[in-house]
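Colleague: A structural model of the following input is requested.
(chains A and B)
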2 protein chains.
Amino acid sequence: MSFTVTILGSASARPTPNRHPSGQLVNIHEQYYLVDAGEGVQQQLIKYGINPLKIREVFISHLHGDHLYGLFPLISTLGLYGRRTPLKVYAPAPFGEMLAAHLRYFDTQLPYEVVWVEVDTTKHRLLLENRSIEVWSIPLRHRVPCAGYLFREKEPALNIEKYKIEKYGLSIAQITAAKRGEDVVLADGEVIPNAELTYRPYAPRSYAYLSDTNYSAKAATLCRGVDLLYHEATYAAAEQRSARDRGHSTTLDAAKAALKAEARRLLIGHYSSRYKQLEPLIEEARTLFPETYATVEGETFTIEKQR
Amino acid sequence: MSFTVTILGSASARPTPNRHPSGQLVNIHEQYYLVDAGEGVQQQLIKYGINPLKIREVFISHLHGDHLYGLFPLISTLGLYGRRTPLKVYAPAPFGEMLAAHLRYFDTQLPYEVVWVEVDTTKHRLLLENRSIEVWSIPLRHRVPCAGYLFREKEPALNIEKYKIEKYGLSIAQITAAKRGEDVVLADGEVIPNAELTYRPYAPRSYAYLSDTNYSAKAATLCRGVDLLYHEATYAAAEQRSARDRGHSTTLDAAKAALKAEARRLLIGHYSSRYKQLEPLIEEARTLFPETYATVEGETFTIEKQR
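Modeller: Numbers count the residues shown, from 1 in each chain, chains lettered A, B, ... in the order given. Presented below is the predicted three-dimensional model:
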């Protein structure tokens, strides 16, 4: 039951020789979600051994090119690979128009459907729900409509303590009832409370992707208790004014958000091309939030299960 | 007076971990021309130490994504870099519509103008002429309208043999006349033929870019005498049928074109992702045309001056 985040791009709008624009792959229970799709994202997937056909759905935070230019080439390549499954793309308007233009000029014969799901970036909404996860939108504060995404694992099914089965001589039907959360009535009429028989194997895990944005207490609060928080940190703290004016964050803004969210760990990225070394950025964020880590392309962050 | 070709991309439509889609940089007398612009071309430029602002004009062979997807992100980045000089893009129709869509959705405030020059891919036409070069279109045979581009250096100015200046005691005016190609009349009435005084410092050099195409004797003939010929070779010779059906060439098609063109050297590229090793492709082409070389990203091919 994996829950990992692989970094495909860590740059901001101006790429550098070694940093690509935004892109991440979230793997929850072997369901793969692409989050943002900067130029070159398909090649980054291949480079890190991920078959692009595995992508189930795509989440785009906003319609700036450094978060989107790689999606259209990827859409074409999935066609060459013979994808047949429809591909849902969650993105703000007017993504549908952009997609229509792309299909008209580049992919008139695409063998699968690309389905746009409009994201209202002003609302905290449940966008996707399946047996394993929920994905929620998080309103952000950027120069254009922009949403973060919160991936939450669902409560895992109850497990039953093996020795209790023997102790009470439980039948298959009783075990099934207990796993559904019911109390169990034994043959002699004794009622065994569900809590005595079962346990949650682990706490539901969560990941939040907040990019691009000014510091937002509201966004952080919506991610409260998140295991892993990605927050953009385009600038060092000294560039607070540039950050604010351009709808971006500093290292300390990101750390403040992690504190506010009571996150376990913080990832920063979307580094301005002016920063050749990441260490000073990390050090700066750690002054406020020690559990800060740098997004580095090709690295995978695992969210471990905790009981 | 440089004349070089730097390889930015060597892959066909499906990129591999180490090969990018089509892109080349032609440098003639420190004028930089981008030829095709597959995804990631801006990052390839940066990676190989070329400032994207240096690009004067862009030549797009056809409107398939693997030759074009990188142009739009590059256009955006040039805006971030503060380009003010208009950028001419030579490309077949309907590139103008694609450009308009791009500008509408991504670059509403671009600080420079992108000017589309329509290329009629059925005609051999002079597209660009300046003091240093001419660029001609070469009709190709692909699944969609597609043009090759022939870059020809202009005849270099005549040089004058230094010792003739002394021998005949030539004045500045007489030297200038000789350099213009005129005969010189000495004070005593003697006429010195221009050919005795001057020489061409080197033969005009040329580069032809032929991609994507079936073998075309006509295209090869239009490049007759070219110093360096790039010809796509998507497939090995064994895949002749796939090549023909898909509007592409094999290694031997490329070699045949080089023979027909009486080229000095041949570059092949646009390799199908199925070929992990290039050596067998090169060996195959060399059976027909020994002076064949592989395009490898980051490599620069220099066309040396020859008298």
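
Colleague: tell me which element the residue in the stretch 101-250 of chain A that chain B sits nearest to falls in.
Modeller: Scanning the stretch 101-250 of chain A for the residue nearest chain B gives residue A:101, at 4.2 Å (criterion: C-beta to the nearest C-beta). C-beta here means a position set from N, CA and C on the backbone, and glycine is covered the same way. Following DSSP states H and E, one finds residue A:101 within helix A:95-105.

Colleague: with just CA atoms, put that helix into PDB.
Modeller: C-alpha atoms of helix A:95-105 as PDB (Å, rounded to 0.1, in the frame of the first residue of the first chain):
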ATOM      1  CA  PHE A  95      -8.200  24.800 -19.800                       C
ATOM      2  CA  GLY A  96     -11.000  23.300 -22.000                       C
ATOM      3  CA  GLU A  97     -10.300  25.900 -24.700                       C
ATOM      4  CA  MET A  98      -6.600  25.200 -24.600                       C
ATOM      5  CA  LEU A  99      -7.200  21.500 -24.900                       C
ATOM      6  CA  ALA A 100      -9.600  22.000 -27.800                       C
ATOM      7  CA  ALA A 101      -6.900  24.000 -29.600                       C
ATOM      8  CA  HIS A 102      -4.400  21.300 -28.900                       C
ATOM      9  CA  LEU A 103      -6.600  18.600 -30.200                       C
ATOM     10  CA  ARG A 104      -7.500  20.600 -33.300                       C
ATOM     11  CA  TYR A 105      -3.900  21.200 -34.300                       C
END
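
Colleague: so which elements touch the next helix or strand after that helix?
Modeller: Counting by DSSP H and E, the next helix or strand C-terminal to helix A:95-105 is strand A:114-118. With contacts taken as 3 or more C-beta pairs under 8 Å, 6 or more residues apart in numbering or on different chains; DSSP states H and E, strand A:114-118 sits against strand A:87-91, helix A:95-105.

Colleague: what would these look like in CSV with mean neighbour count and mean pLDDT?
Modeller: Output for the helices and strands packed on strand A:114-118, formatted as CSV (neighbours: other C-beta atoms under 10 Å in any protein chain shown; pLDDT from 0 to 100):
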stretch, mean neighbour count, mean pLDDT
strand A:87-91, 22, 98
helix A:95-105, 17, 98
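
Colleague: wait, which of the ones you listed is closest to residue A:220?
Modeller: In terms of C-beta to C-beta, the element of these nearest to residue A:220 is strand A:87-91, at 21.2 Å.

Colleague: can you list the residues of chain A near chain B?
Modeller: A:13-17, A:20, A:39-40, A:42-43, A:46-47, A:63-66, A:69-70, A:72-73, A:76-77, A:80-81, A:94, A:97-98, A:101, A:105-106 (C-beta under 8 Å from any C-beta of the partner chain).

Colleague: among those, which are located in helices?
Modeller: A:42-43, A:46-47, A:72-73, A:76-77, A:80, A:97-98, A:101, A:105 (DSSP state H).

Colleague: just the element for the residue of the stretch 201-307 of chain A at minimum distance from chain B, please.
Modeller: Closest to chain B within the stretch 201-307 of chain A is residue A:273: 9.4 Å, counting by C-beta to the nearest C-beta. For residue A:273, there is no host helix or strand (DSSP H and E).

Colleague: ok, the closest residue to it other than its chain neighbours - contacts?
Modeller: In space, and not counting its chain neighbours, residue A:273 is closest to residue A:14: 4.3 Å by C-beta to C-beta, 6 or more residues apart in numbering or on different chains. Residue A:14 makes contacts with A:272-273, B:77, B:80-81, as judged by C-beta atoms under 8 Å, 6 or more residues apart in numbering or on different chains.

Colleague: let's go with 10 Å and repeat that
Modeller: Neighbouring residues of residue A:14 by C-beta atoms under 10 Å, 6 or more residues apart in numbering or on different chains: A:21, A:66, A:272-274, B:42, B:46, B:76-77, B:80-81.

Colleague: out of those residues, which is nearest to residue A:230?
Modeller: residue A:21 (14.7 Å).

Colleague: wait, doesn't the closest one sit right on residue A:69?
Modeller: Yes: in this structure residue A:21 lies within contact range of residue A:69 using C-beta atoms under 10 Å: 7.3 Å.

Colleague: shared neighbours of these two, anything?
Modeller: With C-beta under 10 Å, 6+ apart, residue A:21 and residue A:69 have common neighbours A:37-41, B:73.

Colleague: looking at the residues you listed, which has the most residues close by?
Modeller: Ranked by neighbour count (other C-beta atoms under 10 Å in any protein chain shown), the shared contacts of residue A:21 and residue A:69 have residue A:39 at the top, with 35 neighbours.

Colleague: quick one: residue A:198 from residue A:52, how far?
Modeller: Using C-beta to C-beta, to the nearest Å, residue A:198 is found at 40 Å from residue A:52.

Colleague: look at the two and report which has more neighbours.
Modeller: With neighbours defined as other C-beta under 10 Å, residue A:198 and residue A:52 compare such that residue A:198 has more, 21 against 18.
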